[in-house]
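> Prediction below, plus the sequence it came from.
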Amino acid sequence: MIKSIQQLKETLHQELKMYKDIVEMAKEKTIIIKMGKLVELEEVIQKEQQYIRTMATFEKIRRSIFTNIAEEMEIPEPAGISELLLHLGDQEINEIDTIRNQLLETIKKLTEVNQLNEKLIQQNLEFIDFNIEIITSSPETGNNYGEKDTGKRKSISSLLDMKV
């Protein structure tokens with residue numbers, strides 16, 4: 001087996017592990033969003049950003065491995081794993097394709113969790129906007145307690161002068 005193929009498998013395994021970790025963080029984020037814990041949400045987002053930066057590094061590593069494989073096998077540099085599989089033996093195809101399918105499934109899960117988180121955040125923002133609208137809107141009628149309304153008093157149009 002070519003050394004670069006083994007490096008590719010190891011890199012893909014590491015990427016898969018990182019994606020699984022990010023899925024778990026996204027699930028944790030769902031719970032945090034539901035509980036409304038902003039400080040914890042910020043911490044999880046910072047961890048995610050670190051993972052994303054690391055994953056960008058893995059992308060560069062994978063590109064260089066593709067270049068090495070192309071040189072070692074004397075083939076044109078593959079644009080992706082699917083192209084590379086066309087030039088490999090059955091055992092390597094099965095191993096790399098299995099890892100790729102696991103990666104694709106994990107990315108699909110991540111997408112689903114992130115879509116849920118996006119909906120939850122949107123609902124929270126709508127709720128906040130609704131509450132601000134209620135607080136800043138002017139009352140239609142005064143209260144019925146105390147002095148008679150002679151129409152000479154100024155009415156307060158809102159508690160706040162502006163929306164945030």
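Yep, that arrived.
> wait, G36 sits on N124?
Yes. In this structure G36 lies within contact range of N124 using CB atoms under 8 Å: 7.4 Å. (C-beta placed from N, C-alpha, C; glycine too.)
> And these two? Which one has more around it.
N124 (13 against 9; other CB atoms under 10 Å).
> from the middle of its chain, how far away would the longest helix anywhere in the chain be?
Counting by DSSP state H, the longest helix found in the chain is helix 90-136. Centre-to-centre, helix 90-136 and its host chain are 6 Å apart (CA atoms, centre = their mean, to the nearest Å).
> on contacts alone, who are the packing partners of it?
On a contact count with 3 or more CB pairs under 8 Å, 6 or more residues apart in numbering; DSSP states H and E, helix 90-136 meets helix 3-35, helix 81-85.
> Got the confidence number for D161?
At D161, the model reports a pLDDT of 51.
> what does E105 give?
97.
> now the residue nearest to the spatial centre of the chain: how far from R100?
The residue lying closest to the centre of the chain (CA atoms, centre = their mean) is N114, at 4.9 Å. N114 sits 21 Å away from R100, going by CB to CB, to the nearest Å.
> same check, this time on K119
Note on K119: its distance to R100, by CB to CB, is 29 Å.
> Which one's more surrounded, those two?
Of the pair K119 and R100, R100 is the one with more neighbours under other CB under 10 Å, namely 17 against 11.
> how much space between the residue lying closest to the more buried one once chain neighbours are set aside and L41?
Nearest non-adjacent residue to R100, counting by CB to CB, 6 or more residues apart in numbering: I81, 5.2 Å away. Distance, I81 to L41, using CB to CB: 34 Å.
> Where does pLDDT dip in this structure?
Applying pLDDT under 70 to the chain picks out residues 1, 138-164.
> what does stretch 93-104 contact?
Outside of stretch 93-104, the residues within contact range by CB atoms under 8 Å, 6 or more residues apart in numbering are 5, 8-9, 12-13, 15-16, 19, 81, 84-85, 88.
> Name only those of those that count as buried.
5, 8-9, 12, 15-16, 19, 81, 84, 88 (16 or more other CB atoms under 10 Å).
> Okay, I69 and L85: tell me how far apart.
11 Å.
> Also A70?
Where L85 is concerned, A70 sits at a distance of 14 Å (CB to CB).
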